[in-house]
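> My questions are about this predicted structure, shown below with the sequence.
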Amino acid sequence: MAQIVQSGQMVVGHAADMALGGMCAWRLPSDASCASVARSLLGIAMTKIGLDRDIIDNAVLAASELATNALTHSGTTVAPELWVWARTTPKPQLVISIFDACRSSWPTTTGGDLLDDHGRGIGIVAMLAAAWGAHPSRSICTGGAQGKAVWAAFPLPGPWPDPRTTAPPMLAARHVAATLTARGISHVTHRHGQGVSLVTIPFGGNKETNIWIEPGHLSYTLPNGTRHRRPVIDLHDTTETLVHHLEESRRP
């Protein structure tokens, strides 16, 4: 699977690979340039993959707002990060996330958020994006530091991401296991059979989640009992979903 980790000046992957299941992750500066760097990096990446100007403008503005808010709350110990990938489920969308290391403050559209001096707030993001949310997560660029991801999703035109895009199950399984391990998730294992691979993630309390990866698709059951079957091209979104639920299960 194509992957990019890029920080303000360093890149993880290539924007063009997002249509093939790749992702981009940048470490943003922990200073007043955070939002402008996020705007620039995202604008360049979205232009390279040929998205419409309206989508680019909306996504860049949303990323700027999210980065501004992240900088306000994250402090300087762990730098904010910008993540971008495409997904087909629940519909073709470009997912833009800003990670910060603060879990004591969560976004809200209530009160005077639209007039917040530190960025016009999540209310602007909610108006621009097809969907948005926030959840506990772990860093991609800095060794799995704990924090939260605030994300916004924007519609993608056909024909990409193409749900028929695939990867050998063994390669996809190794990628999932390596990604989770790099993000601080311990004791992730993977096994391989004829045409199928299995990744096992311990959730604590003798619970675990298995990801079955076959040619073209993957399936898993979350700790809450919900079953999911997704195209392999949704690998990065699936990995983030699993990190989300794992971190949620560990919250006091």
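Yes, it's here.

> Domain-wise, how is the protein divided?
Here the domain parsing of the chain from automatic domain parsing is 4-155, 169-250.

> quick one: average pLDDT of the last one?
In this case it means domain 169-250. On average, the pLDDT along domain 169-250 is 92.

> What of the longest one?
If you average the pLDDT over domain 4-155, you get 84.

> Go through the domains of the chain and pick out the most buried.
The highest average neighbour count among these, using mean count of other CB atoms under 10 Å, belongs to domain 4-155 at a mean of 19. No exception for glycine: its C-beta is placed from N, CA and C like everyone else's.

> How far off centre is it?
Relative to its chain's centre, domain 4-155 lies at 9 Å (CA atoms, centre = their mean, to the nearest Å).

> His192 bridge partners, please.
With DSSP bridges as the criterion, His192 is bridged to Ser197.

> Check the gap between it and Ile233 for me.
The gap separating His192 from Ile233 is 20 Å, by CB to CB, to the nearest Å.

> same thing with Thr209?
20 Å.

> Run a quick check on Ala172 versus Gly216, I expect a contact.
No: checked against CB atoms under 8 Å, the pair Ala172 and Gly216 is beyond contact range at 10.2 Å.

> which residues do the two both contact?
Val232 (CB atoms under 8 Å, 6 or more residues apart in numbering).

> how about the helices of the stretch 101-250 of the chain, start to end?
122-128, 169-182, 235-250 (DSSP state H, counting those that start in this stretch).

> so which of those gets nearest His135?
The closest of the helices of the stretch 101-250 of the chain to His135 is helix 235-250. By CB to CB, the value is 4.3 Å.

> do you know how far the residue of the chain most remote from its centre is from Pro169?
Distance from the C-alpha centroid of the chain, by CA atoms, centre = their mean, peaks at Gln194 (30.3 Å). Relative to Pro169, Gln194 is positioned 10 Å away (CB to CB).

> coming back round to it: please state the backbone phi and psi of the residue farthest from the centre of the chain?
Backbone dihedrals for Gln194, given as degrees, to the nearest 10, come out at phi -80, psi 100.

> Quick one: residues contacting it.
Here Gln194 is in contact with no residue (CB under 8 Å, 6+ apart).

> And for the one 4 residues further on?
Counting by CB under 8 Å, 6+ apart, Leu198 makes contact with Ala173, His190, Arg191, His192, Asn210, Ile211, Trp212, Ile213.

> how close does it get to Ile122?
Using CB to CB, we find Leu198 at a distance of 38 Å from Ile122.
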